[in-house]
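*Asks:* coords below, sequence missing:
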């Protein structure tokens, strides 16, 4: 009788341990199953919702000013001169100009639109154009003459005009190249105009006076080709011509009268 009671107690303890083990294991199994379920790659677009625009584009046009490219590849402009060389078919070598309508005239083929292309893009376009005539041509393109990068400085600077952008320079350095500020300059409101597309121009107003005073040029913008720096006239110089200077000299130097 006693042995039977002991065996019953042992069975109860054993069953209790099994139940506890199952109770503990169930949440772990469910977590693993959830983790292994395939997750959707991206939320499906909801009809009628706004579609995300491609970074660096505005109005369907791509611009380095929007993409933030510091050193974008050169894009062809009108009047650029290109030297096209064929590695194994030298009889097709030619020098072409980007015409006012943006096309180039290729030897033995119709015209090809080239304005706005990068050289690698144009090389591939010419290679495809010659495939019906040549078998897998190998082409090299050299830029012989081109519209050199420039910036324009105007307003109250020493030498307003157009300057070649030969290196990576900032707005304050561009003002210095243009002869610096004049005595009539408004240093605190220098405007930088930057063309993003043919129809979009963005402007930045910089307080160059504050930057120089604080000796902190972190906000000094790097110039891009085509930038226009405008230094406005200060308020004092605007009203100076209306001041009665002849009468004021009477009080400042009374002994001379």
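*Replies:* Nice, thanks for sending it over. Since this is a predicted model, take the numbers as computed values, not measurements. Numbering: from 1, shown residues only.

*Asks:* now the end-to-end length of stretch 124-133.
*Replies:* 15 Å (C-alpha to C-alpha, to the nearest Å).

*Asks:* So which residues of the stretch 101-250 of the chain form helices?
*Replies:* Secondary structure of the stretch 101-250 of the chain (DSSP state H, counting those that start in this stretch): helices located at 119-129, 171-177, 208-214, 235-240, 245-252.

*Asks:* What are the contacting residues of the third one?
*Replies:* Residues outside helix 208-214 that contact it (C-beta atoms under 8 Å, 6 or more residues apart in numbering): 171-172, 175, 187-188, 190, 217, 219-220. Placement of C-beta: from N, CA and C, glycine included.

*Asks:* Only the buried residues of that helix, if you could.
*Replies:* 208, 211 (16 or more other C-beta atoms under 10 Å).

*Asks:* just the buried members of the contacts of helix 208-214?
*Replies:* 171-172, 175, 187, 190, 220.

*Asks:* Residue 200: which of those is nearest?
*Replies:* residue 171 (20.0 Å; C-beta to C-beta).

*Asks:* give the contact list for the residue nearest to the closest one when sequence neighbours are not counted.
*Replies:* The shortest distance from residue 171 to any non-neighbouring residue, by C-beta to C-beta, 6 or more residues apart in numbering, is to residue 221 (5.0 Å). Contacts for residue 221 (C-beta under 8 Å, 6+ apart) come out as 170-171, 192, 204, 206.

*Asks:* And residue 80, by the same measure?
*Replies:* 97-98, 143, 145-147 are the contacts of residue 80 under C-beta under 8 Å, 6+ apart.
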